[in-house]
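In: Pasting the sequence and the predicted coordinates here, then a few questions.
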Amino acid sequence: MKEYVVAILGATGAVGQRLISELEHAQIPVKEVKLLASKNSAGKKLKFKNQEIKVEEARPDSFNGVDLVLSSAGGAVSQKLLPEAVKRGAVCVDNTSAFRMADDVPLIVPGVNDDQLVNHHGIIANPNCSTIQMVAALYPLHVKWGIKQIIVSTYQAVSGAGKAARDELLQQAQDRLNNQETEAKILPTASAKKHYPIAFNLLPQIDVFEDDGYTHEEWKMIHETKKILYNDQDSQQIKVTATCVRVPVEIGHGETVYFVLKDKSVTAAAIQQEIKKTPGLVLQDDPQNQIYPQPLLAAGKKETFVGRIRPDQENPGAFNMWVVADNLLRGAASNTVEIAECLVRDNLVHVPK
């Protein structure tokens, strides 16, 4: 059995550390693990299967002899280093937005469109965390009945904006409880002209605004969904629109998903059964006993949780549901490692010539 040299780029970050943990339990025969990060993090020691490994500064020659790269170090780093890794023969699974919309880069959710991995040219993109959980929940319904339209509103945890945003939430909450002034430096996005508190607040802005009034996060959800389901980011075969909101939750994105099926005879009970039997999805839908997905309960779990499935009483064939998942795990590390598992399974850990 072939064993693989695996590099984790961005190993010291929140997602990077979860990548290490996920790789420990993955169906990937690992010969060696290289942990790569910025110059500032070089020299730190992290554990993989109880073995201490020193973090190295990520440079082009760091990828010599590497078979697989799992990357979550930021878009600029990915754009700079992953082509260098591919030149050296490594296949890269990238968790940033750097390559998602490139025509020659598959955008993959395992169990949905991993058949597209055969088309890779060395780089595979992991979708946006909010897109992953929504598409995972909708895909079995799309296969069985066809989906014409999706309207999604997200309730996204601050950890999606990084550790500093999560720390700022906790500090702001403590300041408010102590009747002290709160300071905002990070959200809604670090590059914004204005910053607002997230503690006890809601921010209807994630990422920058585009010229059409949508944020880039909303743009990503729209066009990534089209690319995943139809291999065309501008597909007219499905209508998708999104509103993305940052909420004062540490970990776990929630989404209200409104969808219109092509088959108007479908019932909520039939949808529940499809969700229930789909691997990776957990049905939590018993309103009489107040059982429904919650971020607090989803944190630390790899599954996508689905509940509150109910028909639109005014529009036959249309339904609402509530979808929750751990954005750092299900929406990032777990999906990334599952893509790598698919590459190993299908003998695709090689750069096509």
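Out: Nice, I can see it.
In: list the buried ones in stretch 285-298?
Out: 285, 292-295, 298 (16 or more other Cβ atoms under 10 Å). For the C-beta atoms, the positions are set from N, CA and C on the backbone; glycine is no exception.
In: Pick the one among these closest to Asp167.
Out: Proximity of these to Asp167 was ranked by Cβ to Cβ; the top entry is Pro295 with 17.9 Å.
In: Name the nearest residue to the closest one, ignoring sequence neighbours.
Out: For Pro295, the nearest residue in space outside its immediate sequence neighbours is Gly252; the separation is 2.7 Å by Cβ to Cβ, 6 or more residues apart in numbering.
In: go on, Gly65?
Out: What sits nearest to Gly65 in space, not counting adjacent residues and going by Cβ to Cβ, 6+ apart, is Val5, at 5.8 Å.
In: pretty sure that neighbour contacts Lys31?
Out: Yes - with the criterion set as Cβ atoms under 8 Å, Val5 and Lys31 qualify as a contacting pair; they are 5.5 Å apart.
In: and the spatially closest residue to Ile186 that is not a sequence neighbour, what helix or strand is that in?
Out: The shortest distance from Ile186 to any residue that is not its chain neighbour, by Cβ to Cβ, 6+ apart, is 4.8 Å, and that residue is Ala165. In this assignment (DSSP states H and E), Ala165 forms part of helix 163-177.
In: all helices for this structure, in order.
Out: 14-24, 75-87, 129-145, 163-177, 216-230, 268-277, 295-298, 334-345 (DSSP state H).
In: Give me the distance between the residue lying closest to Ala184 once chain neighbours are set aside and Thr189.
Out: Counting by Cβ to Cβ, 6+ apart, Ala184 lies nearest to His195, which is 4.1 Å off, once chain neighbours are set aside. His195 sits 9 Å away from Thr189, going by Cβ to Cβ, to the nearest Å.
In: For these two, work out which one has more neighbours and name it.
Out: Taking other Cβ atoms under 10 Å, His195 and Thr189 do not tie; Thr189 has more neighbours (19 against 16).
In: How about the contacts made by the closest residue to that one other than its chain neighbours?
Out: Once flanking residues are discounted, Thr189 sits nearest to Asp207: 5.7 Å by Cβ to Cβ, 6+ apart. Asp207 makes contacts with 189, 215-217, 220, 244, as judged by Cβ atoms under 8 Å, 6 or more residues apart in numbering.
In: re earlier: the residue nearest to Gly65: neighbour count?
Out: Based on other Cβ under 10 Å, the number of other residues close to Val5 is 17.
In: Domain ranges for this protein, per the record?
Out: The record's domain split for the chain, according to automatic domain parsing, is 4-127+332-345, 131-326.
In: now these in a markdown table, with mean pLDDT and distance to Lys353?
Out: Formatted as a markdown table, the entries for the domains of the chain read as follows, by pLDDT from 0 to 100; distance: least, Cβ to Cβ, whole Å:
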| stretch | mean pLDDT | distance to Lys353 |
| --- | --- | --- |
| domain 4-127+332-345 | 97 | 10 |
| domain 131-326 | 97 | 23 |
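In: Quick check: which of these is buried the most?
Out: domain 4-127+332-345 (a mean of 20; mean count of other Cβ atoms under 10 Å).
In: And that domain, end to end?
Out: One end of domain 4-127+332-345 to the other measures 13 Å (Cα to Cα, to the nearest Å).
In: can you give me the strands for the stretch 251-353 of the chain?
Out: Defined through DSSP state E, counting those that start in this stretch, the strands belonging to the stretch 251-353 of the chain, from first to last, are 253-261, 281-283, 304-311, 318-325.
In: Redo these as a markdown table? Include distance to Gly331.
Out: Formatted as a markdown table, the entries for the strands of the stretch 251-353 of the chain read as follows, by distance: least, Cβ to Cβ, whole Å:
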| stretch | distance to Gly331 |
| --- | --- |
| strand 253-261 | 7 |
| strand 281-283 | 14 |
| strand 304-311 | 9 |
| strand 318-325 | 6 |
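In: For Leu70, find the nearest of those strands.
Out: Put simply, out of the strands of the stretch 251-353 of the chain the one that sits nearest Leu70 is strand 318-325, at 19.2 Å, with distance taken as Cβ to Cβ.
In: thought His142 was touching Tyr230?
Out: No - with contacts defined as Cβ under 8 Å, His142 does not count as touching Tyr230, sitting 10.2 Å away.
In: And the contacts of stretch 227-238?
Out: 100-101, 107-109, 112-113, 116, 127, 131, 135, 139, 142, 147-150, 223-226.
In: list the contacts for the residue nearest to Gly65?
Out: Neighbouring residues of Val5 by Cβ under 8 Å, 6+ apart: 31-34, 65-68.
In: Let me know the closest of those to Lys87.
Out: Comparing the contacts of Val5 against Lys87 with Cβ to Cβ picks out Val66 as the nearest, at 11.5 Å.
In: so how far is Leu187 from the closest one?
Out: Relative to Leu187, Val66 is positioned 35 Å away (Cβ to Cβ).
In: Residue nearest the middle of this structure, spatially speaking?
Out: Nearest to the mean C-alpha position of the chain, counting by Cα atoms, centre = their mean, stands Cys129 at 2.3 Å.
In: Setting the sequence-adjacent residues aside, check what's closest to that one.
Out: Per Cβ to Cβ, 6+ apart, closest to Cys129 is Gly331, 2.6 Å.
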